[in-house]
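# got a predicted structure plus its sequence, pasted below:
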Amino acid sequence: MNAIAPAPSNVASHFAPDIIAAGTGARPNYLVTGGDQLFAARWQQEACWLPFHGAAHHVLVLHENGSTAVRKYERGKLVASRSRLGSMSFIPCDGTEWEIGGRCGVVHLYIGPALIARVAAEEGLGPAVEIDPFFAIRDPWLQGFFQMLVSEVELYGTVPMSPDSLLLSQSQHLLAHHLVRRHSASGRGTLMHTEGTRRQPALTPQQLRRVTEHIDAHLATPLSLADLAALVHLSQDHFIRSFKAASGMAPYQYLLRRRLQGAAELLRTSDLPIEAVAQRMGFGSPAYFSTRFRAFLGVPPSAYRRMR
């Protein structure tokens, strides 16, 4: 994902945010683009009629605030009505219409079908798995995921900086995995037979060392989940679970910790400007670096340097 920025006006007609903008007459507060199979936007939408057909992406919706007078239609037939604040809806890329009854705030995640197919194949379910459409449901995992991703993204402010590539590739994979396992008929059927018995072995000490040495050698460069998983010849899904079983944390959390430890070392031992320290440790935004550093060590970078 490249940046938090106003939505571009020249996106292709099959790009889901463009279809939504044309239907609602609104533009998103911001649009985060440039990822592999996951995009995001925050909207304030007024009352409108929204046909949603021919999009290149599915839409996962968090209803944050405002009116809950939302109705869903399929081929002109009313099939669901009345949303709930904090609820989730999954809109397949084609075949629905929506009546929004009043001003409301929503966050959208746009998910490429190729991502769903790839994760389903990794799960041994085949690439033809379809996510069941759902409307205004409660899913604590999805709500927590939205809160995590939005808070991470919005720490970058409105400057043209890119949220971390490993964070985004890890996040899109975890999201697709949850949807496939919990919100598809094939995934739920498999889950019934494997729940409680499906335990991924931890990386061996040699595998863990190979991955962590690679991370330590590339703290300032973009890393992807696929690249790390390839180092130990695992699928991305298996790699996340095996890495966490071996290290106690997910790959991005390990990367973030090592970057912050490296930044603390530079602040103690060099006179590099704080912005240069952030850049050398792979933080695209000085503001994001400062926020994360303070959460990690309890003081901002400038105060930490004065303590040396």
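Perfect, I can see it now.
# where does the stretch 151-300 of the chain have low pLDDT?
156-163, 189-199 (pLDDT under 70).
# run the last query once more with 50
Counting by pLDDT under 50, the stretch 151-300 of the chain contains low-confidence ranges at 158-161, 193.
# pull the number of nearby residues for the nearest residue to residue 130 once chain neighbours are set aside.
Spatial nearest neighbour of residue 130, excluding adjacent residues (Cβ to Cβ, 6 or more residues apart in numbering): residue 184 at 6.3 Å. Bear in mind the C-beta positions are built from the backbone N, C-alpha and C, glycine included. By other Cβ atoms under 10 Å, the residues close to residue 184 number 20.
# same deal with residue 290?
Residue 290 has 18 neighbouring residues, counting by other Cβ under 10 Å.
# relative to residue 218, how far out is residue 117?
Relative to residue 218, residue 117 is positioned 29 Å away (Cβ to Cβ, to the nearest Å).
# the two: which has the busier surroundings?
Shown here are residue 117 and residue 218; by other Cβ under 10 Å, residue 117 has more neighbours (19 against 14).
# can you tell me how far residue 110 sits from residue 18?
Separation of residue 110 from residue 18 (Cβ to Cβ): 11 Å.
# these two - which one has more neighbours?
Neighbours were counted for residue 110 and for residue 18 using other Cβ under 10 Å; residue 110 has more, 25 against 19.
# ok, and what's touching the one helix or strand the more buried one maps to?
Secondary structure assignment for residue 110, by DSSP states H and E: strand 104-111. Residues from elsewhere that reach strand 104-111 (Cβ atoms under 8 Å, 6 or more residues apart in numbering): 16-17, 20, 28, 37-45, 57-68, 70, 83, 146, 149-150, 172, 175-176, 179.
# narrow those to those in helices?
Counted as lying in helices by DSSP state H, out of these, are 16, 17, 20, 146, 149, 150, 172, 175, 176, 179.
# adding neighbour count and distance to residue 235, write those out as JSON lines.
Output for the ones in helices among the contacts of strand 104-111, formatted as JSON lines (neighbours: other Cβ atoms under 10 Å; distance: Cβ to Cβ, whole Å):
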{"residue": "16", "neighbour count": "23", "distance to residue 235": "27"}
{"residue": "17", "neighbour count": "23", "distance to residue 235": "30"}
{"residue": "20", "neighbour count": "26", "distance to residue 235": "33"}
{"residue": "146", "neighbour count": "21", "distance to residue 235": "25"}
{"residue": "149", "neighbour count": "22", "distance to residue 235": "22"}
{"residue": "150", "neighbour count": "17", "distance to residue 235": "27"}
{"residue": "172", "neighbour count": "24", "distance to residue 235": "14"}
{"residue": "175", "neighbour count": "23", "distance to residue 235": "16"}
{"residue": "176", "neighbour count": "26", "distance to residue 235": "12"}
{"residue": "179", "neighbour count": "25", "distance to residue 235": "17"}
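# from those residues, which two are the most distant?
Farthest pair in the ones in helices among the contacts of strand 104-111 (Cβ to Cβ) is 20 and 176. Separation: 21.2 Å.
# re earlier: output the ones in helices among the contacts of strand 104-111 in TSV; the columns should cover distance to residue 241.
Shown next, in TSV, are the ones in helices among the contacts of strand 104-111 (distance: Cβ to Cβ, whole Å):
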residue	distance to residue 241
16	30
17	32
20	35
146	22
149	20
150	25
172	16
175	15
176	15
179	17
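# tell me the one of these nearest residue 263?
residue 149 (23.2 Å).
# straight-line length of stretch 298-308, end to end?
15 Å (Cα to Cα, to the nearest Å).
# other residues contacting that stretch?
So stretch 298-308 is contacted by 263, 264, 267, 268, 274, 277, 278, 289, 290, 293, 294, 297 (Cβ under 8 Å, 6+ apart).
# how about those residues in TSV, adding distance to residue 212 and secondary structure?
Putting the contacts of stretch 298-308 into TSV (distance: Cβ to Cβ, whole Å; DSSP: H, G, I helix; E, B strand; the rest coil) gives the following:
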residue	distance to residue 212	secondary structure
263	18	helix
264	18	helix
267	22	helix
268	22	helix
274	26	helix
277	22	helix
278	22	helix
289	21	helix
290	26	helix
293	21	helix
294	25	helix
297	21	helix
